[in-house]
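1. All I have is the shape, not the residue letters:
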């Protein structure tokens, strides 16, 4: 193999890897916190959501304290206790991946949840809605583990890819093919 070909192969592999880690340059950053990500002024998380089953309903990105007790707790309960919680709700884009930005109060560790509310009832419907986490572990039938949702956020914009999962028969939640 010629030396130039090998270099080109490595360059192509690097470019492909970077494309997987970030939304396409033409993808519009969604959500009320979009300016935090587009300006690079974090701290914020830019989540690229892949594998959407369809374009129904809404997508919600929720940020929780990084502990088992608070993970997936009700936002009213967290507010009463003076704990941090943030939710960004957006319509899915007409096509392609969704790029959603969510601000965080300061650099550190958080738990991040993606919900695809397909029926529009604003409450998780096990039978129709989708879910996902930065760890992209298969959820299965049990309550998602905190470790799947943990993300370390720096001072700038932290990028992550979340692959949506939906109920797939008796085996529980899994990725769409």
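-> Good, I have the coordinates. Owing to the predicted nature of the structure, the values given are computational and were not obtained by experimental measurement.

2. outside of stretch 96-105, which residues touch it?
-> The list of residues contacting stretch 96-105 from outside it, by CB atoms under 8 Å, 6 or more residues apart in numbering, reads 23-24, 27-31, 33-34, 36-38, 42-50, 52, 59, 61, 63, 84, 86, 88, 90, 92, 110, 112, 153, 157. C-betas here are computed from N, CA, C, even on glycine.

3. Using neighbour counts, trim these to the buried set.
-> Among the contacts of stretch 96-105, those classed as buried by 16 or more other CB atoms under 10 Å are 23, 29-31, 33-34, 36-37, 42-50, 52, 59, 61, 63, 86, 88, 90, 92, 110, 112, 153, 157.

4. from those, which ones fall inside helices?
-> 34, 36-37 (DSSP state H).

5. Which residue ranges of this protein form strands?
-> 29-30, 44-50, 58-64, 86-90, 98-103, 108-117, 130-132, 150-153, 157-163, 165-167, 173-175 (DSSP state E).

6. With distance to residue 77 and mean pLDDT added, can I get these in CSV?
-> CSV is the format used below for the strands of the chain (distance: least, CB to CB, whole Å; pLDDT from 0 to 100):
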stretch, distance to residue 77, mean pLDDT
strand 29-30, 27, 96
strand 44-50, 23, 97
strand 58-64, 11, 96
strand 86-90, 14, 96
strand 98-103, 20, 97
strand 108-117, 15, 96
strand 130-132, 20, 91
strand 150-153, 20, 98
strand 157-163, 24, 97
strand 165-167, 25, 87
strand 173-175, 24, 56
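
7. Straight-line length of stretch 137-149, end to end?
-> Stretch 137-149 stretches 9 Å from its first residue to its last (CA to CA, to the nearest Å).

8. actually stretch 94-114, sorry about that
-> 18 Å.

9. who touches stretch 147-155?
-> 42-45, 64, 66, 71, 104, 107-113, 133-137, 139, 158, 160.

10. I'd like to know which of those residues are buried.
-> By neighbour count, with 16+ other CB under 10 Å, those hold 42-45, 64, 66, 71, 104, 110-113, 133-136, 139, 158, 160 as buried.

11. now the strands of the chain as a markdown table including distance to residue 143?
-> As requested, the strands of the chain are exported to a markdown table (distance: least, CB to CB, whole Å):
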| stretch | distance to residue 143 |
| --- | --- |
| strand 29-30 | 27 |
| strand 44-50 | 21 |
| strand 58-64 | 14 |
| strand 86-90 | 19 |
| strand 98-103 | 22 |
| strand 108-117 | 12 |
| strand 130-132 | 11 |
| strand 150-153 | 15 |
| strand 157-163 | 18 |
| strand 165-167 | 14 |
| strand 173-175 | 11 |
